[in-house]
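*Asks:* Generate coordinates for the sequence data below:
(one chain, ligands or ions: 2)
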Amino acid sequence: MRGKRVLVTGGAGFLGSHLCDRLLAEGAEVLCLDNFFTGAKRNIAHLLGNDRFEVIRHDVVQPIFLEVDQIYNFACPASPVHYQYNPVKTVKTNVMGAIHMLGLAKRVKARILQASTSEVYGDPLEHPQKESYWGHVNPIGLRSCYDEGKRVAETLMMDYHRQNNVDVKIVRIFNTYGPRMAVSDGRVVSNFIVQALRNEPITIYGDGSHTRSFCFVSDLIEGCVRMMNSEGFTGPVNLGNPGEFSIRELAEIVVRLTGSKSEVIRKPLPQDDPEQRKPDISLAHEKLKWQPKVNLEEGLRQTIEYFERVIPTAAPAAV
Ligand code: NAD
Ligand code: UDP
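*Replies:* Ligands and ions are numbered 1, 2, ... in the order given. From the prediction side, this is the model:
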């Protein structure tokens, strides 16, 4: 990585900031581009003194001209609360953002990795989900600005690859959690931990039987970097932890690990909330020799420690 210039869009966000850490540790020059919609300066404050690190306040909906060797395209709000706040903007971020980053990659002959999502499988009828599954997505629902936006981003990656020979990589990221998720992020792991630490009611949407598979951030970043540096393989490839838990189980584990006095309450299930989700990661194992190492309890412990430090100065959770 030494000497390589790497652009990370969404670099001040949860995953993007961990990626910046990792790339700098490997000797790269890192350009962190962000519009700070859900990202925070606090996530990258520790990097500002590094002379191989640069921050660019920019919105990927607008074009940008830079000279880089690699692009990780991570700019996009990932929490349903945030991507549904301004759905038209979410579509623009995914579609215009991908077009602009692909245009940049084409011009400077950079390799580009797109952060796609398990949401491209929608409410999956196949379980666990393999990359060959085309998905079951509602094109007109509340989640479609994100799901369909990411699907178009994948389409653009493959079309620029076939039409213009752009060197592309696609990772489909399954629910990932860890330190630096925003207190007000609104996703389930951060919500439950924040609620438990504040002894506030833990909000289960629906009856808690829905499942998700939770990947710790360090494992996910390792998978992304391996994919970027792999040869002769565009993906898409699933990256996630196949351990599958119901939302009720997650609430119980968080309450136990925090020793919280919180009660568990029910709230209505959001529209089109996928019933189950679990990655088949055999392709990542075969092509990247990758598999997650951190189990849910260990990852939650590290995440709880983080929130214990930041909560005293933070705003309420978004529920
Ligand atoms: P996040 O919300 O913490 O980070 C997103 C970052 O993108 C933020 O810093 C935000 O300010 C920035 N951003 C948003 N819109 C932008 C725009 N128009 N221009 C420039 N910057 C913009 O979310 P995250 O969990 O770190 O997710 C990062 C990426 O990974 C996203 O593309 C997301 O879709 C994808 N992903 C994440 C998960 C997960 O579980 N964490 C799962 C699937 C996919
Ligand atoms: N969820 C919940 N309580 C919360 C936040 C989320 O029960 O406070 C549920 C949500 O309905 C979904 C699951 O947890 O079934 C995961 O939600 P999240 O927003 O983290 O991610 P996504 O639905 O995009 O996988």
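
*Asks:* make it CA atoms for all contacts and neighbour counts henceforth
*Replies:* Fine.

*Asks:* Contacts for stretch 137-154, please.
*Replies:* With CA atoms under 8 Å, 6 or more residues apart in numbering as the test, stretch 137-154 has contacts from 80, 83-84, 87-88, 90-92, 94-95, 98, 114, 116-117, 119-123, 170, 271-272.

*Asks:* So for stretch 66-82, mean pLDDT?
*Replies:* Regarding stretch 66-82, the rounded mean pLDDT is 97.

*Asks:* Check which residues of that stretch are buried.
*Replies:* With burial defined by 16 or more other CA atoms under 10 Å, the residues of stretch 66-82 counted as buried are 68-80, 82.

*Asks:* measure that stretch end to end?
*Replies:* End-to-end distance for stretch 66-82: 28 Å, by CA to CA, to the nearest Å.

*Asks:* Equivalent analysis for stretch 17-35, please.
*Replies:* End-to-end distance of stretch 17-35: 13 Å, with CA to CA as the criterion.

*Asks:* if we can go back for a sec, among the buried residues of stretch 66-82, which are within reach of ligand 2?
*Replies:* Checked against ligand 2 using CA under 6 Å from any ligand atom, the buried residues of stretch 66-82 give the following subset in range: Ser79, Pro80.

*Asks:* Out of the buried residues of stretch 66-82, list just those in helices.
*Replies:* Among these, DSSP state H puts Pro80, His82 in helices.

*Asks:* Could you list which of the buried residues of stretch 66-82 belong to strands?
*Replies:* Gln70, Ile71, Tyr72, Asn73 (DSSP state E).

*Asks:* The third one pairs with what?
*Replies:* Read it as Tyr72. Taking DSSP bridges as the rule, Tyr72 bridges to Val8, Leu113.

*Asks:* show me the contacts for it.
*Replies:* By CA under 8 Å, 6+ apart, Tyr72 lies in contact with Val6, Leu7, Val8, Thr9, Ile112, Leu113, Gln114, Ala115.

*Asks:* what does the last one give?
*Replies:* Contacts for Asn73 were tallied using CA under 8 Å, 6+ apart; they are Val8, Thr9, Gly10, Ala98, Met101, Ile112, Leu113, Gln114, Ala115.

*Asks:* right, and the second one touches Ser17 too?
*Replies:* No - with contact defined as CA atoms under 8 Å, Thr9 does not count as touching Ser17 (9.9 Å).

*Asks:* For the stretch 201-319 of the chain, which residues are neighbours of ligand 2?
*Replies:* Counting by CA under 6 Å from any ligand atom, the stretch 201-319 of the chain comes close to ligand 2 at Thr203, Ile204, Tyr205, His210, Ile247, Leu269, Asp273, Val319.

*Asks:* For the nearest residue to the second one once chain neighbours are set aside, what is the enclosing helix or strand?
*Replies:* The reference is to Ile204. Spatial nearest neighbour of Ile204, excluding adjacent residues (CA to CA, 6 or more residues apart in numbering): Arg266 at 4.9 Å. Taking DSSP states H and E as the definition, Arg266 sits inside strand 264-267.

*Asks:* what comes up buried for that strand?
*Replies:* Applying 16+ other CA under 10 Å to strand 264-267 flags Val264 as buried.
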